[in-house]
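> Structure for the following, please:
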Amino acid sequence: MTSLDKPAEETAADDGARAVTEAALFEAFGGVRGMVETVLPGLLFVTIFTINKDLHWSAIAALVVSLALVAVRLVMRDTVKHAFSGVFGVAFGVVFAMMTGNAKDFYLPGMLYTLGLALAYIVTTLAGVPLIGLILGPVFKENLSWRTRNPGRKKAYAKASWAWGLILLAKCAILFPLYWWANTAQLGWVLVALKIPPFLLAVWLTWVFLAKAPAPIDVFAEMEAEEKAEEERKAALAAERGEGPDAATGGGLDGSAGPAAGRHRRGA
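Numbering: from 1, shown residues only. Model prediction:
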């Protein structure tokens with residue numbers, strides 16, 4: 001069945017699900033701005049080092065621009081998680097490079113992080129808890145419901161996690177040999193060139209897998225519905241027992257006027 005053969009309601013639902021998926025991926029991975037914040041410090045470092053071969057100035061410039069990106073987000077009252085991750089990555093790189101005196105070590109923490117992340121994607125998928133599901137579950141308001149209640153979605157998360165893990169491993173297979181054989185400028189430019197394309201490929205594959213998967217189960221909406229149903233059940237039970245609004249004003253279960261009326265009768 002083609003999209004033209006589908007009912008309008010089904011087509012609209014598919015479009016809505018894809019729009020939700022796109023928005024969730026955009027939020028989770030930072031979008032265009034997050035990519036700029038990821039690339040800019042390393043690009044500045046390798047540009048300055050290529051020109052003057054000065055490790056200190058290159059490292060300081062990368063760290064300053066990272067802090068500036070965080071400051072801009074703070075001023076705009078925007079989320080700072082992506083900018084902060086960039087600051088920490090640059091800071092670790094600066095510390096490594098300054099301690100060893102080798103400019104190539106500026107890139108080593110990020111490369112090790114990439115390798116660790118690739119292994120995390122693969123290991124968690126083999127363990128039945130794919131990492132991409134742990135990342136995107138809260139974004140889709142499904143938390144971990146996909147593990148036991150939505151097998152089709154779990155399968156999509158597993159495929160996406162395999163894609164992320166293998167893409168990042170391929171990236172490491174290129175970068176680590178260059179760390180040993182290439183000079184700092186060569187390694188830096190290759191690393192900058194490999195920042196965005198593998199990331200976009202992994203995000204696109206994630207979108208493809210999730211767009212074809214069953215819709216997420218909104219556990220927050222379920223909890224709200226359960227709370228509402230519980231309140232309605234209690235209200236109905238109270239009405240059956242005669243504990244309606246009259247009970248609060250002194251009405252008894254036997255239809256008498258309650259304790260106050262009893263005192264008046266005794267007084268009479």
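> Just give me how far stretch 174-189 sits from the chain centre.
31 Å (Cα atoms, centre = their mean, to the nearest Å).
> ok, and for that stretch, which residues are buried?
For stretch 174-189, burial by neighbour count (16 or more other Cβ atoms under 10 Å) applies to 175, 178-179, 184-185, 187-189. C-beta here means a position set from N, CA and C on the backbone, and glycine is covered the same way.
> Then stretch 101-111?
103-111.
> what does stretch 123-143 give?
Result for stretch 123-143 [16+ other Cβ under 10 Å]: buried residues 124-125, 129-137, 139-143.
> okay, the buried residues of stretch 101-111 in JSON lines with secondary structure next?
Formatted as JSON lines, the buried residues of stretch 101-111 follow (DSSP: H, G, I helix; E, B strand; the rest coil):
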{"residue": "Ala103", "secondary structure": "helix"}
{"residue": "Lys104", "secondary structure": "helix"}
{"residue": "Asp105", "secondary structure": "helix"}
{"residue": "Phe106", "secondary structure": "helix"}
{"residue": "Tyr107", "secondary structure": "coil"}
{"residue": "Leu108", "secondary structure": "helix"}
{"residue": "Pro109", "secondary structure": "helix"}
{"residue": "Gly110", "secondary structure": "helix"}
{"residue": "Met111", "secondary structure": "helix"}
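> export the residues you listed to a markdown table and tack on distance to Val65 and pLDDT?
What follows is the buried residues of stretch 101-111, written out as a markdown table (distance: Cβ to Cβ, whole Å; pLDDT from 0 to 100):
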| residue | distance to Val65 | pLDDT |
| --- | --- | --- |
| Ala103 | 17 | 91 |
| Lys104 | 20 | 92 |
| Asp105 | 19 | 92 |
| Phe106 | 14 | 92 |
| Tyr107 | 16 | 93 |
| Leu108 | 20 | 93 |
| Pro109 | 17 | 92 |
| Gly110 | 16 | 92 |
| Met111 | 20 | 94 |
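> Rebuild these as TSV, extending it with distance to Leu201.
Below are these laid out as TSV (distance: Cβ to Cβ, whole Å):
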residue	distance to Leu201
Ala103	29
Lys104	26
Asp105	28
Phe106	25
Tyr107	21
Leu108	24
Pro109	23
Gly110	19
Met111	19
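> Tabulate the buried residues of stretch 174-189 (a markdown table), appending secondary structure, pLDDT and distance to Met35.
Output for those, formatted as a markdown table (DSSP: H, G, I helix; E, B strand; the rest coil; pLDDT from 0 to 100; distance: Cβ to Cβ, whole Å):
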| residue | secondary structure | pLDDT | distance to Met35 |
| --- | --- | --- | --- |
| Leu175 | helix | 95 | 18 |
| Leu178 | helix | 94 | 22 |
| Tyr179 | helix | 94 | 23 |
| Thr184 | helix | 91 | 23 |
| Ala185 | helix | 92 | 22 |
| Leu187 | helix | 94 | 20 |
| Gly188 | helix | 93 | 18 |
| Trp189 | helix | 95 | 17 |
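> which two in the residues you listed are spaced the farthest apart?
Spatial extent of those (Cβ to Cβ) is set by the pair Leu175 and Ala185 at 14.3 Å.
> got the residue ranges for the helices in the stretch 101-250 of the chain?
Remark: helices assigned in the stretch 101-250 of the chain by DSSP state H, counting those that start in this stretch are 108-126, 131-136, 145-148, 151-181, 184-193, 196-211, 219-240, 245-248.
> buried ones in the longest one?
When you say that, I think you mean helix 151-181. 153-154, 156-165, 167-169, 171-172, 175, 178-179.
> tell me the contacts of Trp189?
46, 50 (Cβ atoms under 8 Å, 6 or more residues apart in numbering).
> before we move on, the earlier item: of all the helices of the stretch 101-250 of the chain, which lies closest to Thr47?
That would be helix 184-193 among the helices of the stretch 101-250 of the chain, by Cβ to Cβ, at 8.5 Å.
> related to what we said a few turns ago, from the buried residues of stretch 123-143, which single one is nearest Val90?
Nearest to Val90 among these, with distances taken as Cβ to Cβ, is Ile135, at 22.6 Å.
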